[in-house]
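**Student:** Here you go, sequence then predicted model.
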Number of protein chains: 2
Amino acid sequence: MKNQTIITVKLDDRAYPITIGASILENKFDFDPWIKGKDCLIVTNVNVAPLYLDLLLSNIKNKKVETLILPDGESNKTLHIWSQILDKLVAMKANRDSTVIALGGGVIGDVVGFASASYMRGLPYIQIPTTLLSQVDSSVGGKTGINHSQGKNLIGAFYQPSLVLVDINTLSTLPNRELICGLAEIIKYGAIFDKEFFCWLEKNISNLLNRNSEALVHAISISCSIKAKIVSEDEFETGRRIILNFGHTFAHALENLLGYGKLQHGEAVAIGMILAAKLSPIENDDLERLEHLIKKAQLPCKVDSIDSNEMLEIMLLDKKVRAKQLRLVLLSSLGNAYVEEDISHERILDVINKTLS
Amino acid sequence: MKNQTIITVKLDDRAYPITIGASILENKFDFDPWIKGKDCLIVTNVNVAPLYLDLLLSNIKNKKVETLILPDGESNKTLHIWSQILDKLVAMKANRDSTVIALGGGVIGDVVGFASASYMRGLPYIQIPTTLLSQVDSSVGGKTGINHSQGKNLIGAFYQPSLVLVDINTLSTLPNRELICGLAEIIKYGAIFDKEFFCWLEKNISNLLNRNSEALVHAISISCSIKAKIVSEDEFETGRRIILNFGHTFAHALENLLGYGKLQHGEAVAIGMILAAKLSPIENDDLERLEHLIKKAQLPCKVDSIDSNEMLEIMLLDKKVRAKQLRLVLLSSLGNAYVEEDISHERILDVINKTLS
């Protein structure tokens, strides 16, 4: 089919494909090979359900299909919502042959993924991400989880979906601010791994903002390939995978500090990338190109009135902190990232102070 | 060291040793290679803490050690207790280098294992099982989980410990009824996998009841070897591993039906094995030998007043049910088990009625 790409995430017996294209659901995708048992549960949210639930349902034939519609937003990525999904699976007497389908953005994907991982110690699940951010980020790599009042994604599992379906038509209804958030992660892939892609983004960022189909499929495909490549080398984040967190240690702290929801994740990542780049041993020209691309994507480069000490305190609770020593992902050049463990708290405080206050 | 055995559970990069022996903690075990980071959390319960917590603490040098003491009993294998452990890990700012130690029986092992699996998507954890049942069963194979009001272990993860330490001295304080429950699982290993071991049990069951050290180390070692062998061939229970559930589909239903706590797990397994054996195409002599050994171990062969229809209904919710077709583990002979999918609900009801009413 024209304008459709399949990327395989190579993880031994847990390998799975990501199918990316336009009008996949309108052209009736064949779910049969992916729903092994007799029943499945579609979990979505109040915003996505009216837009795409009926369309998805029309794709699934000869199965007992149940649906669960959750409230929307990061504040619902909770233990309570997770246990609601489990209760629903119990109520429908789901067993290990039952399939779960997550239809929605990153919040839906993460909480449904963790419920799929936990129910009877693991059901097959399919991700149909409907936001740009989830299409290029959370749908690849098997990180699932929920938030704790003390930190994002503190509770969860590494659990791989059996299939990811990216139908870019779902982006047609995405609010502009959320589309832009997805661009932050896309820019990240260029910055940490692929200078050629970074250059492509510099030329095509307005095509992406204008939701040009071909540009979107290209950007999503390259982003997923890069993430798939890094993840397949390090499924459980013991090594190289950490470079995917470029900007994220700062971003999580910012989100936590400002309260979830004030700053969108992609916006926080954009600011986090600026902070990490300023700590990086790169040419000033490269730093300026990154800042320029972030601005061109209509992403923020700063927020005001951050207490740098409080921010550092939260960063030290990050999952990637080992023995209280911050490990930050920095750039050696545009397109190349590395992990720096030897960085003083003073320098970090200094960069936060100079950028965010 | 005399009378000490090490069994390796072979699971690629998740392989781990089970060390079995007497006085392991009194002789000061070297935990250093097993606690990589600077801090660890010991989770135990109100019954075990006064008996063995100080002894365990005296084994751990130069680490920041925190402890969490939970209430005792199957009724505490809940989402609430699980989230208490997570809260404790958050409060101590545990990170992925922190180690969790589960000191106690199967309930502690299961809920602490699931918390270790879930916190930051996985911390290293050590199991120190203190009951015979957990020493031969839940400490091998990586099944962790909590109960749901609608069924046992409905929520959980496959997650392997980094080390299991079986110090049979902890059995000296175990109530007799609980020791006997462990014998049910030990008998199971003989029945499904090892006729020679079954014969050894027929000769040595009173030594085990009398807590003879050498007999206990032998029985635990053989049991763990058998389970390790089966599990390493099928970590995620997609095939052969299911034979470990001999008697368990019935047992879980009985426990659920009578309310957790009325019947101990091992007692329910003993009755379940009788029911499964009666459905099996084995010689009457073999059935009698199994019944005789179960009785000699002071385990029950029946309970009264079970509603067979209600019991079957609950069995159909079991994790191993595929497409509403019960799959039962039966014996082809003593020492050999297989999975039977083609068994009518009528025959099952008949055997339940004839045995349990």
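**Tutor:** In hand now; what should we look at? Nothing here was measured: the structure is a model prediction, and the numbers come from that model.

**Student:** Next one, pLDDT for A:Asn256 please.
**Tutor:** Per-residue confidence (pLDDT) for A:Asn256: 84.

**Student:** cool, and the one 4 residues further on?
**Tutor:** In the predicted model, A:Tyr260 carries a pLDDT score of 64.

**Student:** quick check, A:Lys354 in a helix?
**Tutor:** Yes - applying DSSP: H, G, I helix; E, B strand; the rest coil, one finds A:Lys354 inside a helix.

**Student:** how close does the residue nearest to it when sequence neighbours are not counted get to A:Leu356?
**Tutor:** The shortest distance from A:Lys354 to any non-neighbouring residue, by C-beta to C-beta, 6 or more residues apart in numbering or on different chains, is to A:Lys278 (7.9 Å). Where you see a C-beta, it was placed from the backbone N, CA and C, and this is true even at glycine. To A:Leu356, A:Lys278 is 11 Å away according to C-beta to C-beta, to the nearest Å.

**Student:** A:Glu214 now?
**Tutor:** 37 Å.

**Student:** So which of these two has more stuff around it?
**Tutor:** Using other C-beta atoms under 10 Å in any protein chain shown as the criterion, A:Glu214 and A:Leu356 rank with A:Leu356 on top: 20 against 13.

**Student:** Now the residue lying closest to that one once chain neighbours are set aside. Its backbone dihedrals?
**Tutor:** In space, and not counting its chain neighbours, A:Leu356 is closest to A:Ile306: 4.2 Å by C-beta to C-beta, 6+ apart. Dihedral pair for A:Ile306: phi -100, psi 140, per degrees, to the nearest 10.

**Student:** A:Ile306: how many residues sit nearby?
**Tutor:** Residues lying near A:Ile306 (other C-beta under 10 Å) number 19.

**Student:** Now do the same for it: its pLDDT.
**Tutor:** The per-residue pLDDT reported for A:Ile306 equals 87.

**Student:** Looks like it contacts A:Glu255 (just checking).
**Tutor:** No - shown here, A:Ile306 and A:Glu255 do not form a contact pair, counting by C-beta atoms under 8 Å, at 11.8 Å.

**Student:** I'd say A:His148 and B:Leu89 touch.
**Tutor:** No - look at A:His148 against B:Leu89 with C-beta under 8 Å: they stay out of range, at 9.5 Å.

**Student:** More neighbours: those two, which one.
**Tutor:** When A:His148 and B:Leu89 are compared for neighbours, B:Leu89 comes out ahead with 27 against 18, by other C-beta under 10 Å.

**Student:** Next, the closest residue to A:Lys61 other than its chain neighbours: phi, psi?
**Tutor:** Nearest in space to A:Lys61, with sequence neighbours left out and distances taken as C-beta to C-beta, 6+ apart, is A:Asp32 at 7.5 Å. The phi and psi values for A:Asp32, taken as degrees, to the nearest 10, are phi -50, psi -50.

**Student:** any idea how far chain B is from A:Asp32?
**Tutor:** 15 Å (C-beta to the nearest C-beta, to the nearest Å).

**Student:** Could you report the neighbour count for that residue?
**Tutor:** A:Asp32: 11 surrounding residues under other C-beta under 10 Å.

**Student:** before we move on, what about A:Leu290?
**Tutor:** 26.

**Student:** What is the three-state secondary structure of A:Gly122?
**Tutor:** With three-state DSSP as the criterion, A:Gly122 reads coil.

**Student:** Show the contacting residues for it.
**Tutor:** A:Arg96, A:Ser116, A:Tyr159, B:Ala157, B:Phe158, B:Phe236 (C-beta atoms under 8 Å, 6 or more residues apart in numbering or on different chains).

**Student:** cutoff 7 Å now
**Tutor:** For A:Gly122, the contacting residues are A:Tyr159, B:Phe158, by C-beta atoms under 7 Å, 6 or more residues apart in numbering or on different chains.

**Student:** Could you pull out the helices in chain A for me?
**Tutor:** Here chain A has its helices, by DSSP state H, at A:54-57, A:79-91, A:106-118, A:132-136, A:176-193, A:195-209, A:213-232, A:248-258, A:265-279, A:284-296, A:308-315, A:345-356.

**Student:** List the buried residues in the longest one.
**Tutor:** By neighbour count, and taking 16 or more other C-beta atoms under 10 Å in any protein chain shown as the criterion, the buried residues in helix A:213-232 are A:213, A:215-232.

**Student:** filter those down to the ones near chain B?
**Tutor:** With the criterion set as C-beta under 7 Å from any C-beta of the partner chain, no member of the buried residues of helix A:213-232 is near chain B.

**Student:** neighbours around the nearest residue to A:Thr8 once chain neighbours are set aside, how many?
**Tutor:** Residue nearest to A:Thr8 in three dimensions, not counting chain neighbours: A:Pro17, with 5.3 Å by C-beta to C-beta, 6+ apart. A:Pro17 has 15 neighbours, counted by other C-beta under 10 Å.

**Student:** Could you check how far A:Pro17 is from chain B?
**Tutor:** 20 Å.

**Student:** so that residue sits right up against A:Pro161, yeah?
**Tutor:** No - counting by C-beta atoms under 7 Å, no contact exists between A:Pro17 and A:Pro161, whose distance comes to 9.8 Å.

**Student:** what residues do those two have in common as contacts?
**Tutor:** Between them, A:Pro17 and A:Pro161 share no contacting residue, judged by C-beta under 7 Å, 6+ apart.

**Student:** burial measure for A:Ser116, as a count.
**Tutor:** For A:Ser116, the neighbour count with other C-beta under 10 Å is 31.

**Student:** Hmm, I typed the wrong one, I wanted A:Gln150.
**Tutor:** A:Gln150, neighbours per other C-beta under 10 Å, totals 15.

**Student:** do A:Ile6 as well
**Tutor:** A:Ile6: 10 neighbours (other C-beta under 10 Å).

**Student:** Across the sheet, point out what pairs with the closest residue to A:Val48 other than its chain neighbours.
**Tutor:** Take A:Val48 and drop its neighbours on the chain: the residue closest to it by C-beta to C-beta, 6+ apart is A:Gly104, 4.7 Å away. Beta-bridge pairing for A:Gly104 (DSSP bridges): A:Pro129.

**Student:** Could you double-check that A:Gly104 sits in contact with A:Gln127?
**Tutor:** No - using C-beta under 7 Å, A:Gly104 makes no contact with A:Gln127, being 9.3 Å away.

**Student:** residues contacting the spatially closest residue to A:Thr131 that is not a sequence neighbour?
**Tutor:** Nearest non-adjacent residue to A:Thr131, counting by C-beta to C-beta, 6+ apart: A:Gly105, 3.8 Å away. By C-beta under 7 Å, 6+ apart, the contact set of A:Gly105 is A:Pro129, A:Thr130, A:Thr131, A:Leu133, A:Ser134.

**Student:** ok, now A:Cys40?
**Tutor:** A:Lys63, A:Val65, A:Ser98, A:Thr99, A:Val100, A:Ile101.

**Student:** what two of these have the greatest distance between them?
**Tutor:** With distance counted by C-beta to C-beta, no two of the contacts of A:Cys40 lie farther apart than A:Lys63 and A:Val100, which are 12.4 Å apart.

**Student:** out of these two, which sits in the busier spot?
**Tutor:** Between A:Lys63 and A:Val100, counting by other C-beta under 10 Å, A:Val100 is the more crowded of the two (26 against 15).
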